[in-house]
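Student: sequence and predicted structure, then a few things I'm wondering about:
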Amino acid sequence: MGKKEMIQMTNEKKVTELLNSVQSKSKLRTLSYSELVGAAESVYSHFGIPKKYVDCEVYYVSNAQIFPNAYKYTPESTCVIFFFKRGKVYIKEIRRGLCNYSHSFDVYSMSKEMIKEIVDRMGCF
């Protein structure tokens, strides 16, 4: 079960404690604090989220891959829910979960134009 706590990404000590708690029995597909910082920056660039926009949430799995149907099990990886608000990055949840997709994107208070711009940039539709 993951740890649900809204903490600011700049709080390295607290983020590291949460990572250690969630990944305590894991040896593979883990994350470090520096990898999380890099992941948050890559989310900004991948989705094209201007840092001034508020209230968007991204579910992120760093070790995501597509596994053949012949595999009996899908491995677990550390999963993070980032929450972006007014140029600051928060961690909403850190947990272990299946690593069969890399990210999803939920928007809470962006204009339709901004959503369309992000979707067009990603080439989803």
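Tutor: Structure's in. What do you need?
Student: which parts of the protein are helices?
Tutor: Using DSSP state H, the helices found in the chain span residues 12-22, 33-47, 112-122.
Student: tell me which residues are up against the first one.
Tutor: When contacts are defined by Cβ atoms under 8 Å, 6 or more residues apart in numbering, helix 12-22 is touched by residues 2-3, 5, 7, 9, 30-33, 36, 78, 91, 94-96. Using the backbone N, CA and C atoms, a C-beta is placed for each residue, glycine as well.
Student: wait, what's in contact with the residue lying closest to Met9 once chain neighbours are set aside?
Tutor: Distance criterion Cβ to Cβ, 6 or more residues apart in numbering; nearest residue to Met9, sequence neighbours excluded, is Val89 at 4.0 Å. Residues in contact with Val89 (Cβ under 8 Å, 6+ apart) are Gln8, Met9, Ala40, Phe82, Phe83.
Student: how close does Val89 sit to Tyr73?
Tutor: Distance from Val89 to Tyr73, counting by Cβ to Cβ, to the nearest Å: 32 Å.
Student: how about Asn20?
Tutor: When Cβ to Cβ is applied, the distance between Asn20 and Tyr73 equals 25 Å.
Student: neighbour count: these two, which is higher?
Tutor: Under the neighbour definition other Cβ atoms under 10 Å, Asn20 and Tyr73 were set side by side, and Asn20 has more, 11 against 7.
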